[in-house]
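> curious how this folds, go ahead:
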Amino acid sequence: MKDYTTIKDTVQETVIKRSRFIAYAYTLTDEEDAEEKIAFLRKKHYDATHVCYAYISDEEGRRGRYSDDGEPSGTAGQPMFDALKKSGITKCLVAVVRYFGGILLGAGGLVRAYSSAVSEVLQSAEKRTFVVKDFYTVAFPFSLYKKVSNGLTRLGIVTKIEYGMDVTVQIATETGSEFVSGLNNLCATQMDVLYEGEAYYSGGDK
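Okay, the predicted model is just below:
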């Protein structure tokens with residue numbers, strides 16, 4: 001698993017020599033999700049001249065596809081994919097819908113139009129960063145809550161808490177060994193600790 005940054009869904013439009021370029025950026029779960037979103041856009045823009053796209057479907061940036069959708073080879077999909085790779089954003093689909101305005105742009109003009117459409121929509125999109133954390137569940141008697149709550153917060157990020165006869169806390173931490181050592185200093189003999197494994201934690205938008 002690897003930390004990664006993706007985006008919140010965004011759309012942006014620009015007009016170049018009377019051609020409309022509508023750029024979409026979507027966060028993805030996997031390749032199937034990408035194909036479903038592409039199909040949705042083709043249905044939505046059934047009357048468009050082209051619906052070109054590029055996507056990276058995994059966290060590491062190893063799996064992806066792109067399409068010129070009828071534009072001259074190498075003038076749309078590849079430049080879009082290159083712009084997406086350059087951004088460092090993964091698990092993301094970018095699609096550019098073109099409505100032809102009657103004026104030819106030439107190969108160079110098309111490359112610039114599609115790559116800039118992707119760069120601009122990604123730049124305007126809100127970013128979401130997901131960080132790999134070790135997740136633990138800690139349960140302890142409610143009578144200990146005041147004593148240990150501040151210490152638990154210092155040891156990691158509290159992602160969930162449930163109250164009852166016992167208090168159950170889920171915590172995300174970067175270093176499992178330091179977390180366990182810190183628990184021992186908090187009265188670990190009265191705590192039940194379960195390691196849940198690695199998972200992604202989103203620290204919020206930026």
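
> can we go C-alpha only for contacts and neighbour counts from here?
Noted.

> nearest spatial neighbour of Lys85, skipping sequence neighbours?
Counting by CA to CA, 6 or more residues apart in numbering, the nearest residue to Lys85 once its immediate chain neighbours are dropped is Gly61, at 7.6 Å.

> now Leu122
Ala25 is the one closest to Leu122 (CA to CA, 6+ apart), at 6.8 Å.

> now do that neighbour against Ile171, distance only.
As judged by CA to CA, to the nearest Å, Ala25 and Ile171 stand 32 Å apart.

> may I see the buried residues of the worst-scoring helix or strand of the chain on mean pLDDT?
Ranking every helix and strand in the chain by mean pLDDT, DSSP states H and E puts helix 176-184 at the bottom, with a mean of 78. The neighbour-count check on helix 176-184 (16 or more other CA atoms under 10 Å) flags 176, 179-180, 182-183 as buried.

> make CSV from the residues you listed and add distance to Gly108 to it.
Shown next, in CSV, are those (distance: CA to CA, whole Å):
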residue, distance to Gly108
Gly176, 52
Phe179, 55
Val180, 58
Gly182, 59
Leu183, 61
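
> which one of those is nearest Ala199?
Distance to Ala199 across the buried residues of helix 176-184 (CA to CA) is lowest for Gly176, with 12.8 Å.

> just to check, the closest one is in contact with Asp134?
Yes - the criterion here is CA atoms under 8 Å, and Gly176 meets it with Asp134 at 6.2 Å.

> output the longest helix along the chain as CSV - backbone C-alpha positions only.
For the chain, the helix that runs over the most residues, judged by DSSP state H, is helix 106-124. Extracted in CSV, the C-alpha atoms of helix 106-124 (Å, rounded to 0.1, in the frame of the first residue of the first chain):
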residue,chain,number,x,y,z
GLY,A,106,-4.2,21.3,-36.3
ALA,A,107,-2.3,18.6,-34.5
GLY,A,108,-0.3,21.0,-32.3
GLY,A,109,-3.4,22.9,-31.4
LEU,A,110,-5.3,19.8,-30.4
VAL,A,111,-2.4,18.6,-28.2
ARG,A,112,-2.3,22.0,-26.4
ALA,A,113,-6.1,22.1,-26.1
TYR,A,114,-6.5,18.7,-24.5
SER,A,115,-3.5,18.8,-22.3
SER,A,116,-4.3,22.2,-20.9
ALA,A,117,-7.9,21.2,-20.4
VAL,A,118,-6.7,18.4,-18.1
SER,A,119,-4.1,20.5,-16.3
GLU,A,120,-6.6,23.2,-15.6
VAL,A,121,-9.4,21.0,-14.3
LEU,A,122,-7.0,19.1,-12.1
GLN,A,123,-5.5,22.3,-10.8
SER,A,124,-9.0,23.7,-9.9
